[in-house]
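K.L.:
Prediction below, plus the sequence it came from.
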Amino acid sequence: MSAIAGIWCTDGRPQAAIGLERMLAALVKYGPDSQAHADRGDIALGRCQMKLLPEDDYDRQPLVRADAKIWMVADVRLDNRDELIRKLGLNANIAQSSADSELLIAAWVRWGSDCLQHLVGAFCFAVWDANAQRLFLARDHVGYRPLFFHRSAHCFAFASMPKGLLALPSIPAALDEQQLALQLALVPLAADRTLFAGIHRLLPGHCAFIERAGMRVIRYWDPAAVPEIRLPSDEQYVDAFRERLDAAVHAQLRSTTPIASHLSGGLDSSSVATTAARLLAGQSRELVAMTSVPHPGFAGQISGKFGDEGPAAAAVAVMYPNIRHVLINGGDQRFMDIIDKNSLLDDGPVFNPTNSMWINAIRDEVRARGIQVLLVGQFGNGTISYSGMVALSEWFRRGQWQTLATVGRAMTRNGYASARTVIAYAFRPSLPRRVQKLFARDASLDFSLVHPELVRSMRLDQLVNAKLLTQPRDSRALAQTLFQRNEVGAARAGARAGWTIDERDPTRDRRIVEFCCGIPAGQFLAGGRTRSLVRRAMQGRLPELTLARRDTGMQSADWHLSVAAEQAGMRTELTHLEASPMAGRCLDLPRMRHLIEQWPTSGFANPKVFAPWHYALTRGLAVGHFIRRFDPDAQRGIQT
């Protein structure tokens, strides 16, 4: 696996290697094992390697083909190696000892940019075609690997992380204050924009052709356009789902070290972990399953969620003799230290810093055990355990009212939804927006510390209300929305750089996404149960109690204990923010001071406490800490 970078001086200046050296030096923490590059004066490509796969010892990037006319650098993990070897007609014995990058360039030589249709896995890559005088960039379908770029009149540069681009003197480290405000308000960033002015991201499922005359970006994969999958019976959907889940998990078990997995008390990580355990048992290997648990003695509950997932996870683990179950308490994690560390690694503010406390605690334990692969199930709510509620709207619009009535009654009878909720999901998406507004409650920005002036000038309250009104009309629209709002590439890169861990999510596998988007949404509500598909598929593989759960766990339920212990650190951070003009323009610092000084002593399960202190304060501190790293007028900088 690699961090990649490249620069093309489109005006012909022979200075690309100088810039590339700076970029690779900035990216070395993402690939500390080896660095290499190729250049010809006006263009240079390079990579920094971190060895995580068994075949990485054979990686010899940058790769050169066709009499030195084709160059490639790639950050790649192919999850369909065997299939690709067969399609390419390669000698299986020889190909099995080839790096993934070798298979990738063979696919490029065979199919060109159409090779993207044959790939499954995590990748971003760049190809320089000297004959065509064209640079090609691509990012994987589901956004495992990040890729950023900068374009000017004189050059084009790309890098796995923004810090690779910011290493170039010609690219100022300037933040986009409006994009910061959008992130604070939980409104998706516009298109390919980032928090850095002048730096753009290549979106998941997109590729780009760059020539001297300009740049053309193409969406080569769209979850909303996957083929329909129609099978004769409910049982066949379950069988097909199991087959794909097994394949996705199996492909992601490739490693030179033991395998670890998240294991919560819910359906997503439990399904991933138990599938991995079953597959590893056939190889006489164990799975180290990590469960985050709260401070000893904590018994809190927030909004109907259970706060201690330890007992539910233990009930899963006991079913599999090769699961070694480890309980992790993140109480020794320092809240402000996490904000600082993750911000540096991810090149962005920590989106949910209280979750990062238990996530970092698990990462610390995984690294201490010498493990380099951590399976997660973070995208499961959008794929394997999607609730299925959008089916209600589909049935209403198609006139399938008998089905709607039958399933709706079963849902209310079984306790999975109230009649009011069923009606809202069925009818509201089909109403004109002006009518929907009559039934919608105006969104409060209590969860955000964005500056009031930015709220007014950007009409953020209207944007937030519009987002809440945008309820997907079908499962494909839902998939598009989820990918827009769930950018994970930079955080995955940060985990590799900070802990030498590859976090892999089988619930985000391309085959899983295409299956869950392609089948009728009603499969997720079969029998009048939400999340019906995974409940049926995991029958016999998970405890009945887990399969029947209607509530969900919250792995940061004791967040207030860790944050309260950082009162002094929060006050110090606020003092620094008050000396940063940019922080003062973006954040409501007087409200931040009020929240710190008026720290509550109880009621943490109350939404009126939860929204301002858990969301607004912690996220505001994280964004503020990130801002002052780049504020040229700040009185006190932060080492980068």
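P.N.:
Structure's in. What do you need?
K.L.:
Against Lys608, how distant is the residue lying closest to Asn381 once chain neighbours are set aside?
P.N.:
Spatial nearest neighbour of Asn381, chain neighbours left out: Asp268 (6.9 Å); criterion: CB to CB, 6 or more residues apart in numbering. Quick note: C-beta positions are derived from backbone N, CA and C, even for glycine. Using CB to CB, to the nearest Å, one gets 29 Å for the distance from Asp268 to Lys608.
K.L.:
quick one, which of the two is more surrounded?
P.N.:
Shown here are Asp268 and Lys608; by other CB atoms under 10 Å, Asp268 has more neighbours (25 against 11).
K.L.:
ok, that one to Val318 distance?
P.N.:
Per CB to CB, Asp268 is found 19 Å from Val318.
K.L.:
same deal with Arg212?
P.N.:
Remark: distance between Arg212 and Val318 (CB to CB) = 63 Å.
K.L.:
same thing with Arg591?
P.N.:
The spacing between Arg591 and Val318, counted by CB to CB, is 47 Å.
K.L.:
Between those two, tell me which one has more neighbours.
P.N.:
Just comparing Arg591 and Val318: by other CB under 10 Å the higher neighbour count belongs to Arg591, 18 against 11.
K.L.:
and the more buried one, that one's in a strand?
P.N.:
No: assigned with DSSP: H, G, I helix; E, B strand; the rest coil, Arg591 falls outside any strand and is helix.
K.L.:
What residues does the nearest residue to it once chain neighbours are set aside make contact with?
P.N.:
Among residues not flanking Arg591 along the chain, Leu449 sits closest, at 6.1 Å (CB to CB, 6+ apart). Leu449 sits next to Leu184, Leu587, Asp588, Arg591, Met592, Ala616, Leu617, Arg619, Gly620, Val623 when contact means CB atoms under 8 Å, 6 or more residues apart in numbering.
K.L.:
Could you do Val422 as well?
P.N.:
The neighbourhood of Val422, defined by CB under 8 Å, 6+ apart, consists of Leu392, Gly408, Met411, Thr412.
K.L.:
Among the residues you listed, name the ones in helices.
P.N.:
Mapping these onto helices (DSSP state H) picks out Leu392, Gly408, Met411, Thr412.
K.L.:
between those residues, which is closest to Asn93?
P.N.:
Within those, proximity to Asn93 (CB to CB) peaks at Leu392, which comes in at 52.8 Å.
K.L.:
burial of the closest one, as a residue count?
P.N.:
The number of residues packed near Leu392 is 27, by other CB under 10 Å.
K.L.:
and the gap between it and Glu514?
P.N.:
When CB to CB is the yardstick, Leu392 and Glu514 sit 23 Å from each other.
K.L.:
Any chance of the backbone angles for the closest residue in space to Ser292 that isn't next to it in sequence?
P.N.:
Counting by CB to CB, 6+ apart, Trp358 is the residue found nearest to Ser292 once chain neighbours are left out, at 3.8 Å. Comment: the main-chain dihedrals of Trp358 come out as phi -80, psi -30, following degrees, to the nearest 10.
K.L.:
Trp358 and Ala557 touch, don't they?
P.N.:
No: here Trp358 does not reach Ala557: they are 9.9 Å apart, not a contact under CB atoms under 8 Å.
K.L.:
just the strands in the stretch 351-500 of the chain please.
P.N.:
With strands called from DSSP state E, counting those that start in this stretch, the stretch 351-500 of the chain shows them at 373-375.
K.L.:
other SSEs contacting the helix or strand hosting Met23?
P.N.:
Following DSSP states H and E, the helix or strand that holds Met23 is helix 16-26. Helices and strands touching helix 16-26, by 3 or more CB pairs under 8 Å, 6 or more residues apart in numbering; DSSP states H and E, are strand 2-9, strand 34-39, strand 43-49, strand 155-159, helix 162-166.
K.L.:
Turn the ones you listed into CSV, including mean neighbour count, distance to Ser532 and mean pLDDT.
P.N.:
Shown next, in CSV, are the helices and strands packed on helix 16-26 (neighbours: other CB atoms under 10 Å; distance: least, CB to CB, whole Å; pLDDT from 0 to 100):
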stretch, mean neighbour count, distance to Ser532, mean pLDDT
strand 2-9, 28, 41, 96
strand 34-39, 18, 48, 95
strand 43-49, 27, 44, 97
strand 155-159, 25, 43, 97
helix 162-166, 26, 41, 98
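K.L.:
Tell me the confidence at Leu52?
P.N.:
Taken from the predicted model, the pLDDT recorded for Leu52 is 95.
K.L.:
Assign it to helix, strand or coil.
P.N.:
Local secondary structure at Leu52 is given as coil here, using three-state DSSP.
K.L.:
Now do the longest helix along the chain: which elements does it pack against?
P.N.:
In the chain, ranked by residue count with DSSP H as the criterion, the top helix is helix 234-251. Counting contacts by 3+ CB pairs under 8 Å, 6+ apart, the secondary-structure elements packed against helix 234-251 are helix 268-281, helix 510-518, helix 532-537.
K.L.:
Return that helix as PDB; C-alpha atoms alone will do.
P.N.:
Included here for helix 234-251 are C-alpha records, laid out as PDB according to Å, rounded to 0.1, in the frame of the first residue of the first chain:
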ATOM      1  CA  ASP A 234     -37.200 -14.300  -0.400                       C
ATOM      2  CA  GLU A 235     -34.900 -17.300   0.500                       C
ATOM      3  CA  GLN A 236     -32.800 -16.700  -2.700                       C
ATOM      4  CA  TYR A 237     -32.200 -13.100  -1.700                       C
ATOM      5  CA  VAL A 238     -30.900 -14.300   1.700                       C
ATOM      6  CA  ASP A 239     -28.700 -16.900   0.000                       C
ATOM      7  CA  ALA A 240     -27.300 -14.400  -2.400                       C
ATOM      8  CA  PHE A 241     -26.700 -11.900   0.400                       C
ATOM      9  CA  ARG A 242     -24.800 -14.500   2.400                       C
ATOM     10  CA  GLU A 243     -22.700 -15.400  -0.600                       C
ATOM     11  CA  ARG A 244     -21.700 -11.800  -1.200                       C
ATOM     12  CA  LEU A 245     -21.000 -11.100   2.500                       C
ATOM     13  CA  ASP A 246     -18.800 -14.200   2.700                       C
ATOM     14  CA  ALA A 247     -16.900 -13.100  -0.400                       C
ATOM     15  CA  ALA A 248     -16.400  -9.500   0.700                       C
ATOM     16  CA  VAL A 249     -15.100 -10.600   4.100                       C
ATOM     17  CA  HIS A 250     -12.900 -13.400   2.700                       C
ATOM     18  CA  ALA A 251     -11.200 -11.000   0.300                       C
END
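K.L.:
what mean pLDDT does it have?
P.N.:
Helix 234-251 comes out at a mean pLDDT of 97.
K.L.:
Stretch 608-626 too?
P.N.:
Confidence over stretch 608-626, taken as the mean pLDDT, stands at 93.
K.L.:
buried stuff in it?
P.N.:
Along stretch 608-626, the positions that meet the burial threshold by neighbour count (16 or more other CB atoms under 10 Å) are 610-626.
K.L.:
Which ones among the residues you listed lie within strands?
P.N.:
With strands defined by DSSP state E, no entry of those lies inside them.
K.L.:
Those residues in helices, which ones?
P.N.:
Cross-referencing the buried residues of stretch 608-626 with the helices (criterion: DSSP H) gives Thr618, Arg619, Gly620, Leu621, Ala622, Val623, Gly624, His625, Phe626 as the overlap.
K.L.:
got TSV for these, with distance to Pro188 too?
P.N.:
Rendered in TSV, the data for those read as follows (distance: CB to CB, whole Å):
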residue	distance to Pro188
Thr618	20
Arg619	16
Gly620	19
Leu621	22
Ala622	18
Val623	16
Gly624	21
His625	22
Phe626	18
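K.L.:
With just CA atoms, put stretch 76-88 into PDB.
P.N.:
These are the backbone C-alpha positions of stretch 76-88, laid out as PDB (Å, rounded to 0.1, in the frame of the first residue of the first chain):
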ATOM      1  CA  VAL A  76      -4.100  -0.400  -4.200                       C
ATOM      2  CA  ARG A  77      -5.600  -3.400  -2.500                       C
ATOM      3  CA  LEU A  78      -7.400  -5.600  -5.000                       C
ATOM      4  CA  ASP A  79     -10.200  -7.700  -3.500                       C
ATOM      5  CA  ASN A  80     -10.900  -9.700  -6.600                       C
ATOM      6  CA  ARG A  81      -7.300 -10.800  -7.400                       C
ATOM      7  CA  ASP A  82      -8.200 -14.400  -8.500                       C
ATOM      8  CA  GLU A  83     -11.000 -13.200 -10.800                       C
ATOM      9  CA  LEU A  84      -8.700 -10.500 -12.300                       C
ATOM     10  CA  ILE A  85      -5.900 -13.100 -12.900                       C
ATOM     11  CA  ARG A  86      -8.400 -15.300 -14.800                       C
ATOM     12  CA  LYS A  87      -9.800 -12.400 -16.900                       C
ATOM     13  CA  LEU A  88      -6.300 -11.300 -17.800                       C
END
